[in-house]
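[1] Pasted the sequence and its predicted model underneath.
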Amino acid sequence: MKGIIIYQGKYGATEQYAQWLGSSLHLSSLKVKDATADALAGYDLVIVGSSVYVGKLVIRKWLRQNLGLLASKKLILFIVCGTTAEDKIQQQQLVHNNLDPLIRKSTKVFFLPGRCIVAKLSLIDRLVLKMGAMLEKDPRKKAVMNNGFDGIDQKCLDNLIEVAEPFLNPELVTSTQ
């Protein structure tokens, strides 16, 4: 099976994960702006990475535009965000609100910790974050929104790699059974 990584982020964490994945799985990657239907035609496995901005995947529009094509592929999605692993309800909402039902059930989704360095945000993004923090009731979440966080770690990709490898190297599956 032939695979590729398609990604779009805002401040570099998603791109870092895509680079680590590409290196680990020996796959090439494309930024979403270069990921045309023709560019994806020869791939069976598509790993899609996206950051989240105000509750929406930044790659959401591209997913909708390529829905028919993606429905015929093995699809793995990694979402880079500040949502903690324990917050399953918010994770489910992100998936439900951003993935079309046509691909939602067949897509394996991984949530990866992101990065938010407040000083590096654009003025508008800092204002949006500050407003969100003012509305947040949970003191831990409020502190994270005010101070930022950096949770990216290559080890967070281990489960995703474990799921993707058998599609890329089917002989590994048959030789270990």
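    That came through fine. Please read all numbers here as calculations on a predicted model, not as lab measurements. Residues are numbered from 1 along each chain as shown.
[2] what residue ranges in the protein score low on pLDDT?
    170-177 (pLDDT under 70).
[3] domain ranges for it?
    3-114+151-172, 116-149 (automatic domain parsing).
[4] which residues of the chain fall in helices?
    13-25, 37-40, 60-65, 67-71, 88-98, 101-104, 123-135, 139-147, 158-168, 170-176 (DSSP state H).
[5] List the buried residues in the second one.
    Neighbour-count burial for helix 37-40, with 16 or more other C-beta atoms under 10 Å as criterion, is recorded at Leu40. Quick note: C-beta positions are derived from backbone N, CA and C, even for glycine.
[6] And the contacts of that helix?
    Helix 37-40 has contacts (C-beta atoms under 8 Å, 6 or more residues apart in numbering) with Ile4, Ile6, Leu30, Val46, Asn66, Leu69, Lys73.
[7] Distance-wise, check Leu168 relative to Glu86.
    Per C-beta to C-beta, to the nearest Å, Leu168 is found 31 Å from Glu86.
[8] coming back round to it: ranking the helices of the chain by mean neighbour count, which comes first?
    helix 13-25 (a mean of 20; mean count of other C-beta atoms under 10 Å).
[9] Distance from it to the middle of the chain?
    Distance of helix 13-25 from its chain centroid, counting by C-alpha atoms, centre = their mean, to the nearest Å, is 11 Å.
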